[in-house]
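Peer 1: model this:
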Amino acid sequence: MSKLYKIALAGEGGQGVQSIANILAEAANDNGLEAIYIPNFGVEQRGGVSIAYVQIDEKVIGSPKFKTADIVVALSDRAIERTKRYVGPETVFVYDSSYIKPAKIDENVIGLQGIEADPRSQRPTNLTDEEETEFQVKLPENAKAVIGIPATEIAKEELHPRVFNIMILGAVIKATGVVPVEKIKEAIEAKLGYKFEQNPELRELNFRALEKGMSLVEKVL
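Peer 2: Residues are numbered from 1 along each chain as shown. Take a look at the predicted model:
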């Protein structure tokens, strides 16, 4: 890599954005890169929007803050609204196009932790054409690319809801190419190795989710 990568990830509390940001930063460090990870839970952590900021570069990173990101990932309607400020003409904006229900908060565990609906962040079902258009208008119009992937839906139908955020992590590393997938797998192993020892099938499930997220972005880039 030859540039500074700035990444913003946001979702409802419990969707695991802090976990995947932490894994991404650790994988970058293990790959000999400089990385800064800053969590932001806001003033309403419980039931609120959780945002993670990650910067990765070959050299020392000068500032922990940035105005625009290279990639923004938003996993709920409220997350979309909170992250549009970080979108610029060179930003790739990725959002979950599934119907989102936030999970119970547990930022230290990979994956969704059991669904608990929050009416402030649910997207209504059975939208009319006019209402669907209004939702689409919420998406940033000044981004380099806007990519919608049904991550929640695919995780539930093809894998397991708990690996939803690992799929998102796969999408991030494919969209940026900032860290080799093998380093990401090593970081996941370091974080969840004790669980993998107890149930080896979890390793395969997480790695399948990672590769699925990569393939989803590869199809649209």
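Peer 1: centroid residue for the chain?
Peer 2: When C-alpha atoms, centre = their mean is applied to the chain, the residue found nearest the centroid is Ile168 (4.6 Å).
Peer 1: mind checking the SS state of that one?
Peer 2: Applying DSSP: H, G, I helix; E, B strand; the rest coil to Ile168 yields a three-state assignment of helix.
Peer 1: quick one: it and Ala74 touch, right?
Peer 2: No. Taking C-beta atoms under 8 Å as the definition, Ile168 is not a contact partner of Ala74, at 10.3 Å. C-betas here are computed from N, CA, C, even on glycine.
Peer 1: any residues in contact with both of those two?
Peer 2: With contacts defined as C-beta atoms under 8 Å, 6 or more residues apart in numbering, the residues shared by Ile168 and Ala74 are 94, 96.
Peer 1: so who does the residue nearest to the centre of the chain touch?
Peer 2: The neighbourhood of Ile168, defined by C-beta under 8 Å, 6+ apart, consists of 9, 17, 20, 73, 75, 94, 96, 151, 213.
Peer 1: what's the next secondary structure element after the helix or strand bottoming out on mean pLDDT in the chain?
Peer 2: Counting by mean pLDDT, DSSP states H and E, the weakest-scoring helix or strand in the chain turns out to be helix 129-137, with a mean of 52. Next in sequence after helix 129-137, counting helices and strands by DSSP states H and E, comes strand 145-149.
Peer 1: can you give me the buried ones in that following strand?
Peer 2: 146-147, 149 (16 or more other C-beta atoms under 10 Å).
Peer 1: over to stretch 152-162?
Peer 2: 152, 154-155, 159-162.
Peer 1: list the beta-bridge partners for Val73.
Peer 2: With DSSP bridges as the criterion, Val73 is bridged to Leu9, Val94.
Peer 1: name the helices or strands packed onto the helix or strand encompassing Ile184?
Peer 2: Secondary structure assignment for Ile184, by DSSP H and E: helix 181-198. In terms of contacts (3 or more C-beta pairs under 8 Å, 6 or more residues apart in numbering; DSSP states H and E), helix 181-198 is packed against helix 17-30, helix 164-176, helix 201-220.
Peer 1: restrict the shortest one to CA atoms and write it as PDB.
Peer 2: As requested, C-alpha coordinates have been extracted for helix 164-176 and formatted as PDB (Å, rounded to 0.1, in the frame of the first residue of the first chain):
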ATOM      1  CA  PHE A 164     -22.900 -11.000  10.300                       C
ATOM      2  CA  ASN A 165     -20.100  -8.600  11.200                       C
ATOM      3  CA  ILE A 166     -17.400 -10.900  10.000                       C
ATOM      4  CA  MET A 167     -19.100 -10.700   6.600                       C
ATOM      5  CA  ILE A 168     -18.900  -6.900   6.800                       C
ATOM      6  CA  LEU A 169     -15.200  -7.200   7.700                       C
ATOM      7  CA  GLY A 170     -14.700  -9.200   4.500                       C
ATOM      8  CA  ALA A 171     -16.400  -6.500   2.500                       C
ATOM      9  CA  VAL A 172     -14.100  -3.800   4.000                       C
ATOM     10  CA  ILE A 173     -10.900  -5.600   3.300                       C
ATOM     11  CA  LYS A 174     -12.000  -6.400  -0.300                       C
ATOM     12  CA  ALA A 175     -13.000  -2.800  -0.900                       C
ATOM     13  CA  THR A 176      -9.700  -1.400   0.400                       C
END
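Peer 1: many thanks, we can stop here.
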